[in-house]
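Chemist: Would you be able to build a 3D model of this:
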Amino acid sequence: MGFWLNPVQAWVWRDPVRRGYRLLRFAEVEADGGRDLARAAELTPDPKLRRLYLRHAADEQRHAEMFRRRGSDLLRASAAAGAAAGWQPDWLAPGERGLDDVEVEEGRDAPLLAFLHLSEAAAARSFKTYHAAVRADPETRDVFARILKDENFHMSYTRHELGRVAPKKQGWLLWKARLGRLWKGYLRFAVALGSLMGGVLLTLQYFILLPVFALGAKRAAKREPEGWAAARDRRDLKGQY
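Modeler: Okay, here's the model as predicted:
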């Protein structure tokens, strides 16, 4: 995350309600990553990787609990103070993986390690930015500081194990993982842009087309007779026929 976004992050994290919801979202992502890593530990035939995956999964679950506890505390304190929920800019604080789900398949430890290495590196950069953005909240700042230590270990072990598992393909696997992350980033941008353009088009239709139909309805209403009119054939309305 570039230096130029630091002022934006300071604004995102300044509101305690928004901060609480962000942390709860991070808790969901961390818990989901922990489940994926537990699944990877079941599938890998490598005993060393199995131990590392299980440790990584336990770290992710612990991070989820830390984020959940701190986010809940912030929301309870904000509710007691009568603070209202504000706009939630998810794309400005995407957490560790966001929509980039871990791809866990049997016999594919090397691609998984490459993906995890890049994901943990991105998470470390993001959490450093968030750590600096919450200077006024020492408890949340401490949560990010403790998690950053684990992220650095995760980034280190995934790179080392990638070199052990696939020494000749590690460079290509890292580039392939980078391209995959770029593609997913493009898809997220395309979805966000499509949603924005759809909202703009619907708004334009509402203010441009709807008045035209309303004007036509008013003109048609003027040609209609007002009130009740007697039947033209003046037959006995009390009879059956």
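Chemist: mind listing what's buried in the helix or strand bottoming out on mean pLDDT in the chain?
Modeler: Within the chain, no helix or strand scores below helix 6-14, which has a mean of 78 by mean pLDDT, DSSP states H and E. Applying a neighbour-count criterion of 16 or more other Cβ atoms under 10 Å, the buried positions in helix 6-14 are 8-9, 12-13. From N, CA and C alone the C-beta is placed, and that goes for glycine too.
Chemist: For the next helix or strand after it, give the mean pLDDT please.
Modeler: Proceeding N to C from helix 6-14, the next assigned helix or strand is helix 16-43, under DSSP states H and E. Across helix 16-43, pLDDT averages out at 92.
Chemist: how far off helix 16-43 does the helix or strand that helix 16-43 is followed by point, in degrees?
Modeler: Using DSSP H and E, the helix or strand that follows helix 16-43 in sequence is helix 47-80. Taking axes from the mean of the first three to the mean of the last three Cα atoms, to 10 degrees, one finds helix 47-80 and helix 16-43 inclined to each other by 160 degrees.
Chemist: So which elements touch the longest helix anywhere in the chain?
Modeler: Taking DSSP state H as the criterion, the chain has its longest helix at helix 170-222. For helix 170-222, the packing partners by 3 or more Cβ pairs under 8 Å, 6 or more residues apart in numbering; DSSP states H and E come out as helix 109-133, helix 138-165.
Chemist: Could you say which of the ones you listed is packed most deeply?
Modeler: Counting by mean count of other Cβ atoms under 10 Å, helix 109-133 has the highest mean neighbour count of these, with a mean of 21.
Chemist: Next, the angle helix 16-43 makes with that one.
Modeler: For helix 109-133 against helix 16-43, the angle by the same axes, to 10 degrees is 160 degrees.
Chemist: For helix 109-133, what is the distance to the chain centroid?
Modeler: 15 Å (Cα atoms, centre = their mean, to the nearest Å).
Chemist: quick revisit: any chance of the helices and strands packed on helix 170-222 in TSV with mean pLDDT as columns?
Modeler: As requested, those are exported to TSV (pLDDT from 0 to 100):
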stretch	mean pLDDT
helix 109-133	91
helix 138-165	94
